[in-house]
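A.B. asks: fold the following for me, if possible:
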Amino acid sequence: MISVQVAWARLGDAHADLLTLLDPVERGRHDETVAPADRARFLAGCALSRLLLGELLDLPPADVPLRRVCPRCGGPHGKVRLDLPDAPVPYDFSVTHSGAIVGVAVSADGSVGLDVEDGEASVDVDGAARTALSGTELAALHALPPAERRLAFLRVWTRKEAVLKALGVGLRMPLRALEVSPPAAPPAVLAWPPPSAAPPDLRVSDLRPADLGVSDLRPDDLRMADLLVDGVHPATVAVTAATAVTRVKAATGSAARGAARAAVSGPGDVRVVPRDGSAILAAHSR
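C.D. replies: Residues are numbered from 1 along each chain as shown. A predicted model of the protein is given here:
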């Protein structure tokens, strides 16, 4: 069973004392952010990540070593990871925010991706669906009554986003080629982009959380759980299963190719441990 801690906070939970937790890169990015709401989201996400990881690592939150490096340009805006160059990385984590909701997921069982969407925000469902959904997913969406399509689309979207975040590729992969199960079904990956659909600088077969020491990661190693924040906002957490990666890595020749062709994730197998992010942030003061 894969275990993942998921903590949710709100925009209003950000407060000035949390600034002492940020490193110079984070503080610079915070100060350069113009919109007050965006500054609050960034501060809450950084602080909550540091507080959760500091607790797990038995470190002061400000001393948790984090690294932000974009794999394409080298800038400080890639997926945030623990930076422990002389030791195995024991945890992966993911930060998400939408509207007034900020979330952080942490797992020791594989690379993790978390996504939440504002369930009350206005969405151009038809336009977004044409860009993000496969033909099968689009047909299933249009088969629903119009009143149900918005939330159904957001559920599919959070599943896709969580998977891409867990793999560390963001929106660099074509969303329409990544097919997930229908909203009413348990979350699972049904189809994965073929290598020809990957960007030139990224091979699908190479997708892996390298900082976790995992190689030959394939989509069948993904496990997901759907969440609902405050009874309104759909969210999904996806985690890679390192033990499954070992089984795939051990296969060779036709066995390995067969494992790749059968790459679909199974539902369940994720134990979500809820944490009160608002309380965690409120408890920190100078």
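
A.B. asks: for this protein, just list every one of the strands.
C.D. replies: Using DSSP state E, the strands found in the chain span residues 2-10, 66-68, 80-82, 92-98, 101-107, 112-116, 179-180, 189-191, 222-229, 233-240, 270-276.

A.B. asks: with Ala143 as the reference, name the closest of the ones you listed.
C.D. replies: For these, proximity to Ala143 was assessed by CB to CB; strand 179-180 is nearest, at 15.8 Å. Just so you know, the C-beta spots here come from the backbone N, C-alpha and C atoms, and that holds for glycine as well.

A.B. asks: please name every helix or strand in contact with the closest one.
C.D. replies: Judged by 3 or more CB pairs under 8 Å, 6 or more residues apart in numbering; DSSP states H and E, strand 179-180 is in contact with helix 135-142, helix 146-167, strand 189-191.

A.B. asks: about what we covered before: out of the strands of the chain, nearest to Phe153?
C.D. replies: That would be strand 233-240 among those, by CB to CB, at 9.6 Å.

A.B. asks: and the helices and strands packed on strand 179-180, which is most packed in?
C.D. replies: Among these, ranked by average contacts under mean count of other CB atoms under 10 Å, first place goes to helix 146-167 (a mean of 22).

A.B. asks: that one versus helix 135-142: what angle between them?
C.D. replies: Counting by axes from the mean of the first three to the mean of the last three CA atoms, to 10 degrees, helix 146-167 lies at 140 degrees to helix 135-142.

A.B. asks: by contact count, what packs against helix 146-167?
C.D. replies: strand 92-98, strand 112-116, helix 125-132, helix 135-142, strand 179-180, strand 222-229, strand 233-240.

A.B. asks: quick one: low-confidence parts of this protein?
C.D. replies: Along the chain, the model assigns pLDDT under 70 to residues 70-78, 170-172, 194-220, 242-268, 286.

A.B. asks: quick one, what contacts the spatially most central residue of it?
C.D. replies: The centroid of the chain falls nearest to Gly113 when counting by CA atoms, centre = their mean (1.9 Å). For Gly113, the contacting residues are 94, 105, 161-167, 237-239, by CB atoms under 8 Å, 6 or more residues apart in numbering.

A.B. asks: and the residues you listed as JSON lines, adding distance to Ala62?
C.D. replies: Formatted as JSON lines, these follow (distance: CB to CB, whole Å):
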{"residue": "Ser94", "distance to Ala62": "21"}
{"residue": "Ala105", "distance to Ala62": "21"}
{"residue": "Glu161", "distance to Ala62": "29"}
{"residue": "Ala162", "distance to Ala62": "28"}
{"residue": "Val163", "distance to Ala62": "32"}
{"residue": "Leu164", "distance to Ala62": "30"}
{"residue": "Lys165", "distance to Ala62": "25"}
{"residue": "Ala166", "distance to Ala62": "27"}
{"residue": "Leu167", "distance to Ala62": "29"}
{"residue": "Val237", "distance to Ala62": "26"}
{"residue": "Ala238", "distance to Ala62": "29"}
{"residue": "Val239", "distance to Ala62": "27"}
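
A.B. asks: among those, which one sits closest to Val180?
C.D. replies: Closest approach to Val180 among the contacts of Gly113 (CB to CB): Val163, at 7.4 Å.

A.B. asks: of the helices and strands packed on strand 179-180, which is nearest Val34?
C.D. replies: Judged by CB to CB, the one of the helices and strands packed on strand 179-180 that comes nearest to Val34 is helix 146-167, at 24.9 Å.

A.B. asks: which ones are touching the nearest residue to Ala128 once chain neighbours are set aside?
C.D. replies: Spatial nearest neighbour of Ala128, excluding adjacent residues (CB to CB, 6 or more residues apart in numbering): Phe153 at 6.7 Å. Under the criterion of CB under 8 Å, 6+ apart, the contact list for Phe153 reads 123, 125, 128-129, 133, 141.

A.B. asks: if we can go back for a sec, nearest to Val34, out of the strands of the chain?
C.D. replies: Nearest of these to Val34, taken as CB to CB: strand 92-98 at 16.5 Å.
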